[in-house]
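**Student:** I'd like to go over a predicted model; first the sequence, then the structure.
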Amino acid sequence: MDAHSAAFGLVVFIIFIALVFDYVNGFHDAANSIATVVATRVLSPGVAVAWAAFFNFVAFLVFGTSVAKTIGGGMVNINTITADYRLYVLLAGLLGAILWNLITWYLGLPTSSSHALVGGYAGGAIAAYIISHGLYGVEGVLIAAGWIKTLSFIVLSPLIGMALGFVFMVAVYWIFHRVTVSKVDRIFRVGQLFSAAAFSLGHGGNDAQKTMGIITAVLAAGGFLQYGEGGSLPAIPFWVILAAHAAIGLGTLSGGWRIVKTMGTRISKLQPVGGFCAETAGAFTLFGATLTGIPVSTTHTITGSIVGVGSARRLSAVKWGVATRIIWAWVLTIPMAALFASISYVVILGIHHLTGF
């Protein structure tokens, strides 16, 4: 097999792994879109995942590709890695993210697929740089501006979701305080169809773009696209956009029932009015972040929104022990995905040296 054929085969394989990650992302994060609408019994689980998957897919009609450009070219300076090893870095990053996602799915923890991806990409790149060049200059591998933006929103997105969820819930209490409980329930059962759709649209718009960014970086690293001025990510092909949205939509269709239980019932018991407020707060937060090119965690956002809604009733309505366990999983996501990606890179490099592939 000549070098060009080998490179083409590796690019195809990594794109396949990227789409598997996107599928796992949808599978892992299905709870974000459907937990509240299932917990309030507005929709059955099967109908809810189909509803969410549809809006995951059509999100490409609403949002651009700003988040994809941040992920693919604004967080890791791929030019610091020797050209022959860039594809291995991207593969290792995806494997690290997938491993962490599967572990946290098994444990029923709603962690961030987005942060697993950026952690994995960074871990693979740092491992590659250190093995090739040593520790000197390793700080140049990461692009500070992209990381500051992303790390800031690890804290800000759940806080914004929490604040909006609290405000929306208080506003609903004030507006509907003279309306009977049964009528409020009927109104917001219908309302939740729209709020769940809006959140699923935001979920697809932000999360599918992350995989688009990685696939485009793979195509550029493999020589099938040309980097832009200053090493910026090239324009994202339309087939990549469609493939990423289709993969996340199919993943959502598969569901993630362990996490649904945690998100929908264990943090705070929700009624349709609470579900509507939580999803609307999460959707607003995601729309703002996606339109400004900030990769945020849909998991963090909806969790914060649910906590805000629960707090509007009373602080004791939030099961803080479960919330604390979730926060620890958030803190560990980037370093653990980076660790798994680093190990994956070493294994891939070993296979390369043994087989020449």
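**Tutor:** Structure's in. What do you need?

**Student:** What residues does V42 make contact with?
**Tutor:** Listed by CB atoms under 8 Å, 6 or more residues apart in numbering, the contact set of V42 reads 189, 192-193, 196, 272, 275. For every residue, glycine as well, the C-beta is placed using N, CA and C.

**Student:** Using JSON lines, lay out the residues you listed together with neighbour count, pLDDT and secondary structure.
**Tutor:** Shown next, in JSON lines, are the contacts of V42 (neighbours: other CB atoms under 10 Å; pLDDT from 0 to 100; DSSP: H, G, I helix; E, B strand; the rest coil):
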{"residue": "R189", "neighbour count": "19", "pLDDT": "85", "secondary structure": "helix"}
{"residue": "Q192", "neighbour count": "26", "pLDDT": "85", "secondary structure": "helix"}
{"residue": "L193", "neighbour count": "16", "pLDDT": "86", "secondary structure": "helix"}
{"residue": "A196", "neighbour count": "28", "pLDDT": "86", "secondary structure": "helix"}
{"residue": "P272", "neighbour count": "23", "pLDDT": "81", "secondary structure": "helix"}
{"residue": "G275", "neighbour count": "28", "pLDDT": "83", "secondary structure": "helix"}
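
**Student:** Just name the closest of those residues to V240, please.
**Tutor:** For the contacts of V42, the residue nearest V240 by CB to CB is A196; the value is 27.1 Å.

**Student:** where's the residue nearest to the closest one when sequence neighbours are not counted, which helix or strand?
**Tutor:** By the measure of CB to CB, 6 or more residues apart in numbering, the closest residue to A196 outside its immediate chain neighbours is V37, 4.4 Å from it. Using DSSP states H and E, V37 maps to helix 3-39.

**Student:** Give me the phi and psi for G222.
**Tutor:** Torsion angles at G222 (phi, psi; degrees, to the nearest 10) stand at phi -80, psi 0.

**Student:** What number of residues are in the vicinity of it?
**Tutor:** 19 (other CB atoms under 10 Å).

**Student:** show me what contacts the residue positioned nearest the centre of the chain?
**Tutor:** The residue lying closest to the centre of the chain (CA atoms, centre = their mean) is S114, at 3.3 Å. Going by CB under 8 Å, 6+ apart, S114 touches 206-207, 210, 295-298.

**Student:** cool, and I78?
**Tutor:** By CB under 8 Å, 6+ apart, I78 lies in contact with 86, 89, 125, 217, 221, 231.

**Student:** so can I have a markdown table of those residues showing secondary structure?
**Tutor:** Supplementary listing: those in a markdown table, determined by DSSP: H, G, I helix; E, B strand; the rest coil:
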| residue | secondary structure |
| --- | --- |
| R86 | helix |
| V89 | helix |
| A125 | helix |
| A217 | helix |
| A221 | helix |
| G231 | helix |
